[in-house]
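Asks: below are the sequence and a predicted model; questions follow.
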Amino acid sequence: ISRYIGAEQTRLAFNAFHDQEGIALEGAADFKTVHFSEQLLSSIVGSPSARLILSLAMGPSGAAQKQTQILLDHATEALVQNRDLLQTALDR
């Protein structure tokens, strides 16, 4: 997730979530944590992309997964750039 929203934002978001829910950060993620992760990513890349990112992260790895991840990274970069351009235009 930090790949998409930054390491510091990810750390802060998960620390706050886990403090609120009383969940330890170690070990396998439970359903609430996975759902929170999807919501967090959805705010940046949209819901379908967030589901894809999580399914890639939790699924088996392989060549197809790496290619899909590269395509998703490029699409995410384009979305972030477009959002930044739109924000700049709105600010002016």
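Replies: Thanks, I have it. Bear in mind that the values here come from a model prediction, so they are computed numbers and not experimental data.
Asks: so where is the chain shaky, pLDDT-wise?
Replies: Low-confidence regions of the chain, defined by pLDDT under 70, span residues 61, 64-65.
Asks: mind listing the helices for it?
Replies: For the chain, applying DSSP state H gives helices covering 2-5, 7-21, 31-45, 47-58, 63-91.
Asks: now these in CSV, with mean neighbour count?
Replies: C-beta coordinates here come from the backbone N, C-alpha and C atoms, glycine included. Shown next, in CSV, are the helices of the chain (neighbours: other C-beta atoms under 10 Å):
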stretch, mean neighbour count
helix 2-5, 16
helix 7-21, 13
helix 31-45, 16
helix 47-58, 15
helix 63-91, 11
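Asks: wait, Ser37 touches Ile5, no?
Replies: No - Ser37 is beyond contact range of Ile5, at 10.5 Å (criterion: C-beta atoms under 8 Å).
Asks: which residues touch Thr68?
Replies: 52, 56 (C-beta atoms under 8 Å, 6 or more residues apart in numbering).
Asks: no no, Pro60
Replies: Contacts of Pro60 (C-beta under 8 Å, 6+ apart): none.
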